[in-house]
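Visitor: Got a predicted structure here, sequence first:
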Amino acid sequence: MSATVTADHILETRGVSHELGDFVVAAAFARGGATAAFALGDGTLRIAPRAGGDWRAVDVHDGAALALAPDAGPDTYLSGGDDGKFRRVGEAAADIAGFGMKWVEHVASFADAKTRLLACSVGRQVHLFDGAGKKLKVLEHPSSVTGVVFDSKGKRVAASHYNGASLWFVAAKTDSARKLEWKGSHTGIAISPNGESVVTAMQENALHGWRLTDGQHMRMTGYPGKTQALGFTRSGKWLATSGAEAIVLWPFFGGGPMGKAPTELAGGDGVICTFVAAHPQHEAVAAGFSDGLVVLADIGTARILPVCGPGRGPVSALAWSADGAHLAFGTETGFAALVDFSRQ
Amino acid sequence: MTDAALEQVPVTVLTGYLGAGKTTLLNRILSENHGRKYAVVINEFGELGVDNDLVVDTDEEVFEMNNGCICCTVRGDLIRIIGGLMKRRGRFDGIIIETTGLANPAPVAQTFFVDDTVRARTRLDAVVTVVDAKFLLPRLEDSHEAADQIAFADVIVLNKTDLVTPDELVAVEAAIRKINRFAKIHHAQRANVPIAELLDQGAFDLKRVLAEHPDFLGEDEHEHNDDVGSVSFEVETPIDPERFNAWMGALLAERGGDLLRTKGILAYAGEDRRFAFQAVHMMADGDFIGPWKAGEARTSRLVFIGRNLNRPQLRRGFESCRAG
C-alpha cells in the first residue's frame, strides 16, 4: 500500500463534487443548514443537500447570478442577478423586487429570534426589506455600492462605495448615515463581530478600516493583488483576507492591527489566494487559491490541511455551514464541491 | 482551464459628441444580423430602441487613483461591470462601451491599464469616435472634449456627410487630420459604416495602422499652443529597453498631462519579437507581439498625440534610446 496522501484526499474521501460548467459566482448554506447552494454565471442556483443525494438546479436569472446569501428563513436563499431581479429561491424562484436594467450586485440577510431583514444593492441604493419581502426603506449613497453587510445584531447595515463607507441604523425614523470617509474606491466591506470596526477592501490593493469607538483610521497595505474576500473570525480577533500569496490575517487585539505585522498562512507557492472564509466556530480559515488549491488553516498552530488539490480553476467561492461541519466551494471554471468535516 | 476562459475579450470604446450619431450606430450594432454578439455598456438607456439582454445601463463613475498621479482617473463602474460580465463569458463575442457625449475618453482608456482583472480578461481593441461632419468645426472651437475624442480615436466615423458640401467635407477632414493623422476615417450617412469595419479591429496593433498610413512620417504643422496635434518618429538602430523605459518613464511623468496617447512598435536589441508600447497620459503598458518577418526592416516607430508637442526634443529623446 502506498502511504502517499494526495492533496485531493479530503475531497475524495469526504467530498461530493460536480463539474457544473459555469463560473461559480458564490456559495452559501441555508440558515436552517439542510442544504448548500452555488450561484452560477448561467443564472441558475444549484442546491446540494448536506445529507447527500442529487443536486437540484433552479432557473433564477435571465443572465448571470451576481450575488447569493441565505434567506432570513431556514430553507431558502436570496439571489441577485444582472437581469435586475432580487429573488427568493426555494423549490422555485420568486421575485422579491425587480429593478429593470440595473444589476442587483449584492444581497444580505439578518435573522434572530425577533428580527428578520433582507437587503440588496442596486447602483447607488441599498434596499431594505422585512423577512416577508416587504420594502422597508431605500438608502441612498453618493456612488455605486460595492458591498453590503449587517452587523452581528442586525441593528446597523453598512455599505462600501467610493471615498468610504456608510453606516445606517436599520430602525432609524429618519435616515442619515454615519459617513466613514477615506479617498479612493472601496470594493468590499466587513464589520467586526463586536460591531466596533468596519473594514473595506480598496482598488489600490489595500484595506482601510475605521474604529467606530474613536474614529481611528486603520490602514492595511502590502497586497500584490486586490482583496476579493475578507471576514472576521468568530472571536473577532483576526481579519482573514485574500489578495496575497498567502492567507493574510490581521490581528484585531492587543492594539492591532495598527503597527502589527499580519500573520501569513499557507504561503510559499507564489500563488495568489483568491478567496477566504473564516470558520464559524473555531479560530480557523478556509482559503482558495488561483491554481484551484483549497486548504483549511488552523490559526493557532499554523497547521495547513489540504482539502482539494490544484487544477480545477481559480477558487471563486467558499462558504461554511453555521455549525462549521461542511465547507462548500466553487471555481471560475465551474467546479463545485461540498466537503464534510464532521467526525465520521 | 479552457482556452475560451483565457482568451481576452475585445473591448471597443465608442465616443462622440452629443448628436453625432452614436446612438444610431449602437442601434445598428444591436439590431443588425452580423453574426456576432456584443455586450453593450451604455449610460443613456432611454435613447436606445432595442431590447437586448446584453445591454448594461451604468452611471459613469470616474475616480482618481491614490497613486500620486493627478491625471490617473479611471472608471470604477467599468471595473465592476467587466467583472460581472466575465461571469457569463462565452455568451458574447465582445464588449462595447459607450461614453457620454461630453466625456473625456482618458478615464475609460486608463481603466484598461490600471485594474489587474480587467487587464487579464479583456483587451482594448479600438477607440471609435463618431463625428458630425456639419457641426465638428464649431464644436472644436467651443469644447476641449471634441478634440480629445478625436485625438483618442483609432477609428473615426465621419457621419452626416450628406449634410455638407464637398468643400466643407474636405475642410472637416483636414481639421481631423490636424489633430490625429493616424486614425482610420470612414465616411458615413446615418452611421452606415459596415459593422465589421469598426469592431474587433485590433487597432491597437500599431503595425496595421502604420501599414495603412505609409506617409505617416510626413511633416506636420507644428504649433506651440493648446491645439491637439500628432507627431511620429522612426529609428533604424535597435532600441535599448532600459534607456527607452528610463526616457519614457521620465517623459510621461513630466509631460503625461499633455500626452493624450503614445503608441509605438519597438525593435529591441537582441530580440526577435516586436515590442508594442502604448500609453494614455501617464499610464503605460507594453508587451511583445509577433516576431519580425524575415527580411523586414526592423524599424522602431513612435507616435505621440497631444498638446504642446516639442518635435525636436521628442526626436532627440527617442534617438537617445538607441542601443550601443
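Guide: Noted; the coordinates are in hand. Numbers count the residues shown, from 1 in each chain, chains lettered A, B, ... in the order given.
Visitor: residue ranges for the helices of the chain, please.
Guide: Since you didn't name a chain, this refers to chain A. A:9-14 (DSSP state H).
Visitor: my bad, the chain I had in mind was chain B
Guide: Assigned by DSSP H, chain B shows helices spanning B:3-6, B:22-31, B:76-85, B:106-114, B:116-121, B:136-142, B:144-152, B:166-179, B:206-212, B:241-255, B:311-319.
Visitor: Give the burial count for residue 37, as a bare number.
Guide: I went with chain A, as the question did not name one. 27 (other C-beta atoms under 10 Å in any protein chain shown). (Glycine included, C-beta is placed from N, CA and C.)
Visitor: sorry, should have said chain B
Guide: B:Lys37 has 12 nearby residues by other C-beta under 10 Å.
Visitor: Just give the nearest non-adjacent residue to it, would you?
Guide: Using C-beta to C-beta, 6 or more residues apart in numbering or on different chains and skipping residues adjacent in sequence, the residue nearest B:Lys37 is B:Phe92, 4.5 Å away.
Visitor: Which residues lie in contact with that neighbour in this structure?
Guide: Taking C-beta atoms under 8 Å, 6 or more residues apart in numbering or on different chains, we find B:Phe92 in contact with B:9, B:37-39, B:54, B:85.
Visitor: try 6 Å
Guide: B:Phe92 makes contact with B:37-39, B:54 under the criterion C-beta atoms under 6 Å, 6 or more residues apart in numbering or on different chains.
Visitor: returning to what we had before: can you redo the helices of chain B as CSV with mean neighbour count, distance to A:Gly324 and mean pLDDT?
Guide: Formatted as CSV, the helices of chain B follow (neighbours: other C-beta atoms under 10 Å in any protein chain shown; distance: least, C-beta to C-beta, whole Å; pLDDT from 0 to 100):
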stretch, mean neighbour count, distance to A:Gly324, mean pLDDT
helix B:3-6, 10, 32, 44
helix B:22-31, 20, 49, 87
helix B:76-85, 22, 30, 93
helix B:106-114, 23, 39, 88
helix B:116-121, 16, 31, 88
helix B:136-142, 15, 63, 88
helix B:144-152, 23, 53, 89
helix B:166-179, 15, 63, 94
helix B:206-212, 16, 56, 51
helix B:241-255, 16, 51, 94
helix B:311-319, 15, 62, 94
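Visitor: Kindly report the residues of the stretch 51-200 of chain B close to chain A.
Guide: Proximity of the stretch 51-200 of chain B to chain A (C-beta under 6 Å from any C-beta of the partner chain) is limited to residues B:53, B:57, B:61, B:63, B:66, B:76-77, B:84, B:87-88.
Visitor: buried subset of these?
Guide: Buried members of these, counted by 16 or more other C-beta atoms under 10 Å in any protein chain shown: B:57, B:61, B:63, B:76-77, B:84, B:87-88.
Visitor: circling back: which pair in the residues of the stretch 51-200 of chain B next to chain A spans the largest distance?
Guide: B:Asp53 and B:Asn66 (36.1 Å; C-beta to C-beta).
Visitor: How about the stretch 101-250 of chain A: which residue is closest to chain B?
Guide: Residue nearest to chain B within the stretch 101-250 of chain A: A:Met101 (4.0 Å; C-beta to the nearest C-beta).
Visitor: Can you check the pLDDT for that residue?
Guide: A:Met101 is assigned a predicted lDDT (pLDDT) of 84.
Visitor: I'd assumed B:Asp57 was in contact with it.
Guide: Yes: using C-beta atoms under 6 Å, A:Met101 makes contact with B:Asp57 at a distance of 4.0 Å.
Visitor: what's the distance between the residue nearest in space to the middle of chain A and B:Thr73?
Guide: Most central in chain A under C-alpha atoms, centre = their mean is A:Ala229, positioned 6.4 Å from the mean C-alpha point. To B:Thr73, A:Ala229 is 27 Å away according to C-beta to C-beta, to the nearest Å.
Visitor: swap in A:Pro314?
Guide: For A:Pro314 relative to B:Thr73 (C-beta to C-beta), the value is 29 Å.
Visitor: nearest spatial neighbour of the residue of the stretch 201-324 of chain B found nearest chain A, skipping sequence neighbours?
Guide: The stretch 201-324 of chain B approaches chain A most closely through B:Met283 (14.1 Å), counting by C-beta to the nearest C-beta. Nearest residue to B:Met283, sequence neighbours excluded (C-beta to C-beta, 6+ apart): B:Phe113, at 3.9 Å.
Visitor: Would you mark the buried spots in the least confident helix or strand in chain A by mean pLDDT?
Guide: Counting by mean pLDDT, DSSP states H and E, chain A has its least confident helix or strand at helix A:9-14, which shows a mean of 92. Within helix A:9-14, the residues that qualify as buried are A:9-11, A:14, counting by 16+ other C-beta under 10 Å.
Visitor: Distance check, A:Thr35 against A:Ala28.
Guide: When A:Thr35 is compared with A:Ala28 (using C-beta to C-beta), they lie 10 Å apart.
Visitor: So A:Arg312 versus chain B, what's the distance?
Guide: Here A:Arg312 is placed at a distance of 9 Å from chain B (C-beta to the nearest C-beta, to the nearest Å).
Visitor: So that residue is in contact with A:Ala336, correct?
Guide: No: A:Arg312 is beyond contact range of A:Ala336, at 9.4 Å (criterion: C-beta under 6 Å).
Visitor: quick revisit: quick one: which of the contacts of B:Phe92 has the most company?
Guide: That'd be B:Ala39 among the contacts of B:Phe92, by other C-beta under 10 Å, with 25 neighbours.
Visitor: Can you verify my assumption that that residue contacts B:Lys87?
Guide: No: the criterion here is C-beta under 6 Å, and B:Ala39 misses it with B:Lys87 at 11.6 Å.
Visitor: And the pLDDT at the residue nearest to the centre of chain A?
Guide: 97.
Visitor: just B:Gly202 next, same as before
Guide: You'll see B:Gly202 listed with a pLDDT of 67.
Visitor: And for A:Gly259, the neighbour number?
Guide: When neighbours are counted by other C-beta under 10 Å, A:Gly259 comes out with 6.
Visitor: now A:Ala69
Guide: Around A:Ala69 there are 24 residues (other C-beta under 10 Å).
Visitor: residues from the stretch 151-300 of chain A in reach of chain B?
Guide: Contact residues, the stretch 151-300 of chain A versus chain B (C-beta under 6 Å from any C-beta): A:162, A:184-185, A:204.
Visitor: Neighbour-wise, which one of those leads?
Guide: A:Ser185 (26 neighbours).
Visitor: What's opposite that residue in the beta bridge?
Guide: With beta bridges defined as DSSP bridges, A:Ser185 has these partners: A:Tyr162.
Visitor: Spit out the contact partners of it.
Guide: The neighbours of A:Ser185, taking C-beta under 6 Å, 6+ apart as the test, are A:162, A:203, B:63, B:76.
Visitor: quick check, nearest of the residues you listed to A:Gly324?
Guide: A:Gln203 (32.6 Å).
Visitor: give the contact list for that closest one.
Guide: Per C-beta under 6 Å, 6+ apart, neighbours of A:Gln203: A:185, A:187.
Visitor: where along the stretch 151-300 of chain B do the strands fall?
Guide: Assigned strands in the stretch 151-300 of chain B, in chain order: B:155-159, B:184-187, B:228-235, B:259-266, B:273-280, B:283-291, B:300-307 (criterion: DSSP state E, counting those that start in this stretch).
Visitor: Nearest to A:Met258 among those strands would be which one?
Guide: Judging the strands of the stretch 151-300 of chain B by C-beta to C-beta, what sits closest to A:Met258 is strand B:283-291, at 32.1 Å.
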